[in-house]
Structures are given as C-alpha cells and as structure tokens.
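# Got a predicted model here, sequence first, then my questions.
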Amino acid sequence: MLLTFEVIAEALRERISSGGLNPGDALPTQAVLMAEYGASSLSVQKAMALLKQDGYAISRPGKGAFVTHPDADTDDDSGDGEAGNTPVGGTSARVEALELALAETLDQLTALRARVEVLEAAGTERDR
C-alpha cells in the first residue's frame with residue numbers, strides 16, 4: 001500500500017507522462033493538492049520533493065514549482081549564466097530538490113527548536 005505522498009507523486013508523474021502537464025507548466029499549488037487528495041501539507045511537500053528528486057519538477061523561488069522532464073536538459077531561463085552547463089538527465093533538478101528538502105528540513109528543525117524552548121520556558125515558570 002502506498003503512502004499518501006507516494007500516491008500524490010505517482011498521480012502527478014502520470015499527469016506529466018500522459019501529457020496532461022507539459023514541461024514548463026506550473027504544478028498545482030500545495031493548497032490545491034491538499035484539497036484534491038485530502039492530504040496534509042507535509043504529505044504534499046514530500047510528494048513534491050520526490051518529483052524534484054526524480055527530475056519531474058523544479059522550483060523557481062517566488063514563482064512556484066514547474067514541470068520539467070527527467071530525460072530533458074534542465075536549463076532554465078533565469079538568466080543566471082549557467083544555461084548549457086546542466087548535465088542531461090535532470091541532475092540539476094535533483095540537486096535543487098535535495099537542496100530544497102534540506103532547507104525545508106532545517107526550517108522545520110528551527111521551528112521545532114523554538115517550540116521546545118517555549119515549552120521549556122513555560123515549564124520553568126510553572127515550577128517556580
């Protein structure tokens with residue numbers, strides 16, 4: 001049995017493979033996917049990370065996630081001077097997905113640490 005994030009990722013892969021979503025198309029937003037699958041934001045984030053890892057999607061900060069193709073050259077039009085240097089096979093998209101997942105994990109850890117500190121502070125004040 002597939003986990004929710006795997007179901008979402010597989011459904012999006014199928015949409016891409018069948019031509020329902022083409023390279024360059026924006027992927028559905030997190031809110032749309034949460035509503036469509038009755039999923040949590042974490043499940044949707046994991047699904048998107050899988051798509052990025054597999055080279056099906058790429059994030060463009062401030063713009064969203066877009067379809068790429070796992071066998072396509074992942075050059076983007078951001079004008080950062082790296083066009084043409086990206087290996088074929090979605091390597092750039094995979095690296096970007098891993099970097100994004102790491103950044104998201106660090107953000108989650110920071111948020112958890114802040115929560116723990118608040119709880120510890122509340123516990124200390126209660127003990128007084």
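Yep, that arrived. Just so it is clear, the model here is predicted, and its values are computed rather than measured. Residues are numbered from 1 along each chain as shown.
# who are the neighbours of the helix or strand of the chain with the lowest mean pLDDT, in terms of helices and strands?
Lowest on mean pLDDT, DSSP states H and E among the helices and strands of the chain sits helix 91-127, with a mean of 79. On a contact count with 3 or more CB pairs under 8 Å, 6 or more residues apart in numbering; DSSP states H and E, helix 91-127 meets helix 41-53, strand 57-60. Using the backbone N, CA and C atoms, a C-beta is placed for each residue, glycine as well.
# pLDDT below threshold where in this protein?
69-94, 96-97, 127-128 (pLDDT under 70).
# So for stretch 21-39, what gets flagged as buried?
21, 27, 28, 30, 33, 34, 37, 39 (16 or more other CB atoms under 10 Å).
# go on, stretch 113-124?
Buried-residue list, stretch 113-124, by 16+ other CB under 10 Å: empty.
# how close does residue 119 get to residue 107?
19 Å (CB to CB, to the nearest Å).
# on that earlier part again, next step: the buried residues of stretch 21-39 restricted to helices.
Secondary structure from DSSP state H places 30, 33, 34, 37 of the buried residues of stretch 21-39 in helices.
# any idea which of these is closest to residue 102?
Here the nearest of these to residue 102, counting by CB to CB, is residue 30; it sits at 18.5 Å.
# could you list every residue that touches the closest one?
Going by CB atoms under 8 Å, 6 or more residues apart in numbering, residue 30 touches 41, 44, 45, 48.
# I'd guessed residue 10 sits against residue 2; true?
Yes: contact criterion CB atoms under 8 Å: residue 10 and residue 2 qualify, at 6.9 Å.
# ok, those two, which is more surrounded?
Legend: neighbour count by other CB atoms under 10 Å for residue 10 and residue 2, higher for residue 10 (14 against 9).
# rewinding a little: just the buried residues of the contacts of residue 30.
44, 45, 48.
# can you redo these as JSON lines with distance to residue 65?
Converted to JSON lines, the buried ones among the contacts of residue 30 look like this (distance: CB to CB, whole Å):
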{"residue": "44", "distance to residue 65": "11"}
{"residue": "45", "distance to residue 65": "11"}
{"residue": "48", "distance to residue 65": "6"}
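# Perfect, I'm done here.
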